[in-house]
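A.B. asks: Got a predicted structure plus its sequence, pasted below:
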Amino acid sequence: MTPKISFLIPTNRDPEQYVKSPIDSINRFGSNYSYEICVFSETEVKGENVVWHKEEKQAGPIAGFNHLISRSEGEYFFLLVDDHIFVNEFGLTIDYLNKTHKDKEHQICSLNPGNICLNPMKGQLCGDKLIDFEVFSYQLCRFPALHRNALTLLDGKIWNSSFIYHAADIWLGYFLGSQGRPSRQSPTYVEPYNPAKNSALEVEDCNVARKLMKKISTTDIPYSFQIK
């Protein structure tokens, strides 16, 4: 039977210290909706409802999410990272999307990390430069939850592949806002349990976000527009 939800979690860290906890939190809450937990990693991960996808060569979590979303079977996709867990029942997000977005091609929101983050504004640092152009203020889409049909808006990928590790949620939120569909946070909460941020590529990825926001401020570009 095709699952209603595919949870997508790329990881390159010790499963016992990291991805095991998100998996356990999903299974602990359970749902009336069927689901699969898709893990993308070099090391095999086993567990209840887990479908392991082997990572042949490390290319960063953005590539990992895009790989999983192209190979998972769910009607809905929920994106999670290996150092966050669910706080309450995740089926609430599907109910929320069906209530607020009748058209499934626009059913996309963010799981709720408990606070709201907005894109950087004119005069603020983004990467290694200040934003020197006018921008709008939109919520970041940090933990996307979406219907499969919403991928049509995003050229078939959840993240723009110009990014490697960071800041793709800035661009996703900004792009959705520019299309008149700003991201909102669902009633399903997630929280960090063992946070471990890798900042190695943060400046480089934030430069990509700044350049994409600048480009779309003057030209109608597709979500997947590539920044070299």
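C.D. replies: Arrived safely, thanks for sending.

A.B. asks: residues of stretch 55-72 that come out buried?
C.D. replies: E55, G60, P61, I62, A63, G64, F65, N66, H67, L68, I69, S72 (16 or more other C-beta atoms under 10 Å). Backbone N, C-alpha and C define where each C-beta goes, glycine included.

A.B. asks: is it fair to say E134 lies in a strand?
C.D. replies: No: using DSSP: H, G, I helix; E, B strand; the rest coil, the assignment for E134 is coil, not a strand.

A.B. asks: list the contacts for it?
C.D. replies: Contacts for E134 (C-beta atoms under 8 Å, 6 or more residues apart in numbering) come out as K122, S217.

A.B. asks: Identify all contacting residues around the helix ranked longest in the chain.
C.D. replies: Counting residues, the longest helix found in the chain (DSSP state H) is helix 202-216. Helix 202-216 has contacts (C-beta under 8 Å, 6+ apart) with 119-120, 126-129, 131, 133, 135, 160, 162-168, 170-171, 174-175, 178, 221, 225, 227.

A.B. asks: Narrow those residues to those that are buried.
C.D. replies: With neighbours counted by 16+ other C-beta under 10 Å, those contain buried members at 119-120, 126-127, 131, 135, 160, 162-168, 170-171, 174-175, 178, 225.

A.B. asks: Please pull up the helix or strand immediately following the host helix or strand of S110.
C.D. replies: S110 belongs to strand 108-112 when assigned by DSSP states H and E. Later in the chain than strand 108-112, the nearest helix or strand by DSSP H and E is strand 125-126.

A.B. asks: Between the two ends of stretch 96-111, what distance do you get?
C.D. replies: Stretch 96-111 has an end-to-end distance of 11 Å (C-alpha to C-alpha, to the nearest Å).
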